[in-house]
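>>> Take a look and give me a structure for this.
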Amino acid sequence: MKPYYERAGVTIYHADCRDVLPTLEAGSVDLVLTDPPYGIGAAKANAHSSIRDSDKWPSASWDDDRPIDALKLAIDIAFYASVWGGNFYSDILPPSPAWLAWIKPEAETGFSLADMELCWTNGNFAARVMRLPRRDGNLHPTQKPLSLMCWCLSFFPEAQNILDPFMGSGTTLRAAKNLGRRAIGIELEERYCEIAANRLMQDVLPLEVPS
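Residues are numbered from 1 along each chain as shown. Purely as a prediction, here's the structure:
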C-alpha cells in the first residue's frame, strides 16, 4: 500500500487500519499509542464542546462504534500498548497496574464532560497522574495535547517504533518525531491525514516532557 506521507521515519496511511494492520509483522512495532473511538456516541449527543459548532464537524461519525477487532490486532503486533479510553475497553483488555490518568484542571462543567481521562497500558510501572490543560488544539474533536503524548512515550524509552492505528490529527506521530522516534499512523478520513502531514512538516521545537 502506498503511503499518504513518508518522511524522516514517519509514515501515514490513508486507509482503514483493518486493511493495513495485517501487513505489519508481529514485533515490528515497539509501542501502540492510540486514542480509539470509545463508541459512546458523543458526536450524536453533541457532548463535546468542539462539536457544538455544527458546521465544523458536519459528518462526525468517529465515535459511533468501538473498533474492537482492529484494536486487538494492533496490540498483538506490538510489544507494548497504551490505549486512551481504556476504561471503555475493560471487557477486552487484561488487568494492569500501569494506568495513566490525565487530569484536566479547566474541564468544562456538566455531566457529559469528564474531568479526567484514563489510559490503559501494559507497561511495567505503577499508575501515574498528569495534570495538563484540556487541549492545545482543536483540529480533531478528541485531539490530545502534544505534551500528554510525549509524557506517554516517556514511560517507554526503549520503544523506537510507534504505531497509532487511529491517528486523527497526528498528535502521537508529532510527539514521536519530537522525541526522535519512528512512527506509523493510519487514518480513515483524508482531511485528518492532510492535517497530520502538515503538522509533521513543521520544524521540531524543543518540548520539555512533563514529569
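
>>> Only C-alpha atoms from now on, for both contacts and neighbour counts.
Fine.

>>> Quick check: what element follows the helix or strand bottoming out on mean pLDDT in the chain along the chain?
Sorting the helices and strands of the chain by mean pLDDT, DSSP states H and E puts helix 42-45 at the bottom, at a mean of 55. The C-terminal neighbour of helix 42-45 among helices and strands, as given by DSSP states H and E, is helix 68-77.

>>> For that next one, buried residues please.
For helix 68-77, burial by neighbour count (16 or more other Cα atoms under 10 Å) applies to 70-71, 73-77.

>>> all strands of this structure, in order?
The residue ranges that make up the strands of the chain, judged by DSSP state E, are 5-7, 10-14, 29-34, 78-84, 100-103, 116-121, 128-131, 161-164, 182-187.

>>> can you redo those as TSV with mean pLDDT, mean neighbour count and distance to Phe155?
Formatted as TSV, the strands of the chain follow (pLDDT from 0 to 100; neighbours: other Cα atoms under 10 Å; distance: least, Cα to Cα, whole Å):
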stretch	mean pLDDT	mean neighbour count	distance to Phe155
strand 5-7	96	14	25
strand 10-14	98	22	20
strand 29-34	98	25	11
strand 78-84	97	22	10
strand 100-103	96	20	10
strand 116-121	96	20	10
strand 128-131	96	14	10
strand 161-164	98	25	13
strand 182-187	98	25	16
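
>>> Any chance of CSV for these, columns distance to Glu194?
Shown next, in CSV, are those (distance: least, Cα to Cα, whole Å):
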stretch, distance to Glu194
strand 5-7, 9
strand 10-14, 9
strand 29-34, 18
strand 78-84, 23
strand 100-103, 27
strand 116-121, 26
strand 128-131, 30
strand 161-164, 16
strand 182-187, 10
